[in-house]
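Q: sequence below, structure please.
(chains A and B)
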Amino acid sequence: KQEVTQIPAALSVPEGENLVLNCSFTDSAIYNLQWFRQDPGKGLTSLLLIQSSQREQTSGRLNASLDKSSGRSTLYIAASQPGDSATYLCAVSEDWTGANSKLTFGKGITLSVRP
Amino acid sequence: NAGVMQNPRHLVRRRGQEARLRCSPMKGHSHVYWYRQLPEEGLKFMVYLQKENIIDESGMPKERFSAEFPKEGPSILRIQQVVRGDSAAYFCASSPRTGEQYFGPGTRLTVT
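A: Sure, this is the predicted structure:
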């Protein structure tokens, strides 16, 4: 059974700091990995998707890497801003369709960026 | 292209009533997933549907919960005889054949 872990559960940093959010998963036979952002009381916004054949994806100040063999992904946020404050969720799927296409989520890292 | 739509956004039901949650996937998406987020817990998969078919319902409670995705119209998650423990945020996601899932804003169910 796939399990996804995100540690720590919460993180507080000063504005401008570069930071790394970690995600680990127990079964390396994944199809893709997605990073999401969730603001309080809101839905999920997809930030980056990495296919299992890829090593990393970049979007603006965000960079996500994937090391499938070790069961790890990191989300790098450059020059953090107060507007980055949110909960960041990592999720994996084991196929693109069928019963294994469901996402297994970590519990998230709640990030607070202090002005 | 409108995103995934869910309604209602907030739903209040008394214990024993029925709750119906609707999800309209993005245009061109034929895969729908329902997830539940309980307070202080992570998002958990409930059910995966394609048009007129339930593909995987391994995350659905055995009783009181059902889901459908008819040929026409939105996907419906139905909870009969709601209890306080059903209070949660229910999210729908849709996907094209690429596997990336796009989430709706969620329905927040409160059972009083």
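Q: count the neighbours of B:S30 for me.
A: 13 (other CB atoms under 10 Å in any protein chain shown). From N, CA and C alone the C-beta is placed, and that goes for glycine too.
Q: any idea how far B:P8 is from it?
A: According to CB to CB, to the nearest Å, B:S30 stands 24 Å off from B:P8.
Q: give me the low-pLDDT residue ranges for chain B?
A: B:1, B:97-98 (pLDDT under 70).
Q: change it to 90
A: For chain B, the stretches flagged by pLDDT under 90 are B:1-2, B:28-30, B:38-42, B:51-52, B:71-72, B:95-101.
Q: for it, what lies in contact range of chain A?
A: For chain B, the contact set with chain A under CB under 8 Å from any CB of the partner chain comprises B:31, B:33, B:35, B:41-45, B:48, B:55-56, B:58-59, B:91, B:93, B:95, B:97-106, B:108.
Q: quick one: buried ones out of these?
A: Neighbour-count burial (16 or more other CB atoms under 10 Å in any protein chain shown) applied to these gives B:31, B:33, B:35, B:42-45, B:48, B:55-56, B:59, B:91, B:93, B:95, B:99-106, B:108.
Q: now, those residues that are in strands?
A: Filtering those for membership in strands, criterion DSSP state E, returns B:31, B:33, B:35, B:43-45, B:48, B:55-56, B:91, B:93, B:95, B:102-103, B:108.
Q: from chain A, which residue is nearest to chain B?
A: Proximity of chain A to chain B (CB to the nearest CB) peaks at A:W96, 3.5 Å away.
Q: which of the three states applies to that residue?
A: coil (DSSP: H, G, I helix; E, B strand; the rest coil).
Q: A:Q51 is in contact with that one, correct?
A: No - A:W96 is not in contact with A:Q51 according to CB atoms under 8 Å; the separation is 9.3 Å.
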